[in-house]
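In: Requesting a structural model of the entry that follows:
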Amino acid sequence: MFKAELKGHSGCKIQLHQRENGEMFVRKTSSDAEYNKRLEAQCRKQARYSHPRIKTPKVYGSGYNEEGLFYFDMEYVKGVALSQYIKTIEAYRIKDFIGGLVADLLSSSSVPNSYANSIFQTKIADLREKTVNIGSETINEAVDMLAAYDWSAFDMANCHGDLTLENIIVKGDQVYLIDFLDSFYDSIYIDLGKMLQDVVALWSFRYDNKMSANTLIRLKVFKDLIIDQISGDKDVLLRVYHALLLHLVRIIPYAREEYTRNYVVEKMALTINLIRKA
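Out: Numbers count the residues shown, from 1 in each chain. The predicted model follows:
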């Protein structure tokens, strides 16, 4: 039985349902037939994600509806998104929580990939083609920096693909990842770079003109704690910063609003400076 529409960011329909026995579950349905393959890949990714301490909602089943759209049903996790939790968590708990989360992500099993650099360079060449005519010195500089970097150390690992603070759910002391994305490459550095997109570039908060000083301070503490976790190894720090820069460049072809484009370019310049100072 249908209960409510839930908020999502992929364009997919996300609904809360209830079975006859009272059990609640979430159904995610593709936005259109063209998105079916992507949602199928995301479903498989969520189902096979495995980590001893980080969980994902269990996938119960999948199929196609009468309109030919792919859907899958999953466990309903009633928690709080980290983007909201960070505003209310007790200050003394932030260090342990963030430190534990980053340490858990870094502990994910990984496998070297001899084609890593080639895969990234192909992606960067495509981004250069899509952004070169914009005429932004900062964007061109960012693409040049990405192209000059050696991505060979980006081992393959369990990867969420879009690990923003909105896609990390906190339920009690347990962390859940939701809204997996089929990325062009799966690596823990891709996920950590996406987290920095929120705490360095404040991406999920870009339209929030009323952020309290308390939230800004907490986000800064969050950022500093992440950096502290990885700054002991300069190579790791540079991998995460380059992943962040790549995420920002990837936004540009889809940034139709002048505000969004200017915002991203500003954060791009900030990230370039972080890389130079690392």
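
In: residue ranges for the helices of the stretch 151-278 of the chain, please.
Out: Ranges of helices in the stretch 151-278 of the chain, per DSSP state H, counting those that start in this stretch, are 188-199, 213-230, 234-251, 258-277.

In: out of these, nearest to G135?
Out: Shortest distance between G135 and the helices of the stretch 151-278 of the chain, using CB to CB, is found for helix 258-277: 11.4 Å. Backbone N, C-alpha and C define where each C-beta goes, glycine included.

In: quick one, the closest one and helix 213-230 angle?
Out: Put simply, helix 258-277 runs at 40 degrees to helix 213-230, going by axes from the mean of the first three to the mean of the last three CA atoms, to 10 degrees.

In: Show residues contacting helix 258-277.
Out: 136, 138-139, 141-142, 145, 200-203, 206, 238, 241-242, 244-245, 248-249, 251-252, 255 (CB atoms under 8 Å, 6 or more residues apart in numbering).

In: related to what we said a few turns ago, name the stretch among the helices of the stretch 151-278 of the chain that sits most buried.
Out: helix 188-199 (a mean of 25; mean count of other CB atoms under 10 Å).

In: mind checking how far that one is from the chain centre?
Out: With CA atoms, centre = their mean, to the nearest Å as the basis, helix 188-199 stands 6 Å off its chain's centre.

In: again with stretch 231-247
Out: The answer for stretch 231-247 is 15 Å, by CA atoms, centre = their mean.

In: cool, and stretch 247-265?
Out: 16 Å.

In: Let me know the average pLDDT across that stretch.
Out: Average pLDDT, stretch 247-265: 93.

In: can I get the CA coordinates of it in PDB?
Out: Extracted in PDB, the C-alpha atoms of stretch 247-265 (Å, rounded to 0.1, in the frame of the first residue of the first chain):
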ATOM      1  CA  HIS A 247      33.900  16.300  -9.500                       C
ATOM      2  CA  LEU A 248      33.700  20.100  -9.900                       C
ATOM      3  CA  VAL A 249      34.800  20.000 -13.500                       C
ATOM      4  CA  ARG A 250      32.200  17.300 -14.200                       C
ATOM      5  CA  ILE A 251      29.400  19.700 -13.000                       C
ATOM      6  CA  ILE A 252      30.200  22.400 -15.500                       C
ATOM      7  CA  PRO A 253      28.600  20.800 -18.700                       C
ATOM      8  CA  TYR A 254      25.300  20.600 -16.700                       C
ATOM      9  CA  ALA A 255      25.500  24.000 -15.000                       C
ATOM     10  CA  ARG A 256      22.900  26.000 -17.000                       C
ATOM     11  CA  GLU A 257      22.500  28.700 -14.400                       C
ATOM     12  CA  GLU A 258      25.100  31.500 -14.300                       C
ATOM     13  CA  TYR A 259      25.000  31.400 -10.500                       C
ATOM     14  CA  THR A 260      25.800  27.700 -10.400                       C
ATOM     15  CA  ARG A 261      28.600  27.900 -12.900                       C
ATOM     16  CA  ASN A 262      30.200  30.900 -11.100                       C
ATOM     17  CA  TYR A 263      29.900  29.100  -7.800                       C
ATOM     18  CA  VAL A 264      31.600  26.000  -9.200                       C
ATOM     19  CA  VAL A 265      34.400  28.000 -10.800                       C
END
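
In: a strand runs through K28, doesn't it?
Out: Yes - assessed with DSSP: H, G, I helix; E, B strand; the rest coil, K28 lies in a strand.

In: Test my guess that it contacts Y71.
Out: Yes - assessed by CB atoms under 8 Å, K28 is found in contact with Y71 at 6.3 Å.

In: So between those two, which is more surrounded?
Out: The neighbour comparison of K28 against Y71 (other CB atoms under 10 Å) goes to K28, with 25 against 19.
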